[in-house]
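A.B. asks: Prediction below, plus the sequence it came from.
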Amino acid sequence: MHELPLLIFTLFLQGSVGVTLWLAFGIGNTPPRSVLFTAVGAFVLASLGLLASALHMGYPLNALNALRHVSSSWLSREIVFASLYLAALGLAVLLLFAKKPGWKLMLAAAGIIGLVDVFCMAQIYMHASVVTWQHVNTLVLFMGSVGIIGSACMAPGLKTRGAVQSAVAIVTLLVLARLLMQPVWLADIYATDNSVVTFPHAPLQMLEQLRAVHLFSGCVSVLGMLCFAAGGLKSARGTMLIGSALLIVGELMLRFVFFSIG
């Protein structure tokens, strides 16, 4: 799959942002020592994602040229905010490692910047000349990955029942929101005027070919949500871990379909 670097980039960065938001707003007064390891993991995840994105460009130094069009290009904005996110998260990690104050503020700033970056990332695809991407479903997919992957990664280690219940609520709402979005998305893209050259037929044909995979990926996400919710509400760590694994597999499959039909 030639879009594998973009799959890695988008999922890794969105997952990193989700974890960062949990560290900033969802874990209460957790000691810095307990936060450091997870923050380092989020930083490594984002770094690997950005590396995959650079490799996809073929000529990574060309990314510098993209910065010249911030006022008009969603790609330029995405590069800027991705860089700011990584810088803010890296500073938070350094403050945690040095046991200095200010790490909570930097994590919060990184999380907010990360959300802006994911929004810019979605806009890149929503403004592309691909009928299957030019829909709010793309934004729902990307933002959903932030909450689902972040919660799936964090929930098994959360200490309070309230935090676990919040993770269950976030995952449940996001998975259900995606399910409700699917019929709207399908109706809209098939109703598009196919005579317009900016709406090529190939994405719709590929979607038909991958319909079974698309349906199965949704089933995996729903099954993951049910296991995650059952494990969280019953304090069954093993069931929650299974749910987390299924949710992440579901995200991988959905992203594979997303890039395959583009």
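C.D. replies: Cool, the structure landed. Just so we're clear, the structure is a prediction, and the values are computed from it rather than from any experiment. Residues are numbered from 1 along each chain as shown.

A.B. asks: Send me stretch 202-213 as CSV with only the CA atoms.
C.D. replies: Taking C-alpha atoms only, stretch 202-213 is exported to CSV below (Å, rounded to 0.1, in the frame of the first residue of the first chain):
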residue,chain,number,x,y,z
ALA,A,202,-12.3,5.5,-9.0
PRO,A,203,-12.9,6.2,-5.3
LEU,A,204,-16.5,5.1,-5.5
GLN,A,205,-15.5,1.9,-7.4
MET,A,206,-12.8,1.2,-4.8
LEU,A,207,-15.3,1.7,-2.0
GLU,A,208,-17.6,-0.8,-3.6
GLN,A,209,-14.7,-3.3,-3.8
LEU,A,210,-13.8,-2.7,-0.1
ARG,A,211,-17.4,-2.7,1.1
ALA,A,212,-16.9,-5.9,3.0
VAL,A,213,-13.7,-4.7,4.6
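
A.B. asks: Name the residues of that stretch that are buried.
C.D. replies: By neighbour count with 16 or more other C-beta atoms under 10 Å, stretch 202-213 contains the buried residues 203, 204, 207, 210. Yep, even glycine has a C-beta here, placed from its N, CA and C like the rest.

A.B. asks: Isn't the second one up against residue 133?
C.D. replies: No: taking contacts as C-beta atoms under 8 Å, residue 204 lies outside contact range of residue 133: 11.9 Å.

A.B. asks: just for the stretch 1-150 of the chain, where's the confidence low?
C.D. replies: Applying pLDDT under 70 to the stretch 1-150 of the chain picks out residues 1-2, 56-69.

A.B. asks: how about the helices of it, start to end?
C.D. replies: Using DSSP state H, counting those that start in this stretch, the helices found in the stretch 1-150 of the chain span residues 4-25, 32-57, 63-66, 74-98, 103-126, 136-154.

A.B. asks: Now residue 246: closest residue in space that isn't a chain neighbour?
C.D. replies: In this structure, residue 246 finds its nearest non-sequential neighbour in residue 224, 3.1 Å apart by C-beta to C-beta, 6 or more residues apart in numbering.

A.B. asks: Contacts only, for that neighbour.
C.D. replies: The contact partners of residue 224, by C-beta atoms under 8 Å, 6 or more residues apart in numbering, come to 152, 175, 243, 244, 245, 246, 247, 248, 249, 250.

A.B. asks: That one sits in which helix or strand?
C.D. replies: Using DSSP states H and E, residue 224 sits within helix 211-233.

A.B. asks: tell me the angle of that helix relative to helix 136-154?
C.D. replies: Relative orientation of helix 211-233 and helix 136-154, computed by axes from the mean of the first three to the mean of the last three C-alpha atoms, to 10 degrees: 40 degrees.

A.B. asks: buried stuff in helix 211-233?
C.D. replies: 214, 217-218, 220-225, 227-229, 231-232.

A.B. asks: Reformat these as JSON lines; add distance to residue 109 and pLDDT.
C.D. replies: Output for these, formatted as JSON lines (distance: C-beta to C-beta, whole Å; pLDDT from 0 to 100):
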{"residue": "214", "distance to residue 109": "37", "pLDDT": "94"}
{"residue": "217", "distance to residue 109": "34", "pLDDT": "96"}
{"residue": "218", "distance to residue 109": "35", "pLDDT": "95"}
{"residue": "220", "distance to residue 109": "34", "pLDDT": "97"}
{"residue": "221", "distance to residue 109": "31", "pLDDT": "97"}
{"residue": "222", "distance to residue 109": "34", "pLDDT": "97"}
{"residue": "223", "distance to residue 109": "36", "pLDDT": "98"}
{"residue": "224", "distance to residue 109": "31", "pLDDT": "97"}
{"residue": "225", "distance to residue 109": "30", "pLDDT": "97"}
{"residue": "227", "distance to residue 109": "34", "pLDDT": "97"}
{"residue": "228", "distance to residue 109": "29", "pLDDT": "97"}
{"residue": "229", "distance to residue 109": "31", "pLDDT": "96"}
{"residue": "231", "distance to residue 109": "32", "pLDDT": "95"}
{"residue": "232", "distance to residue 109": "29", "pLDDT": "93"}
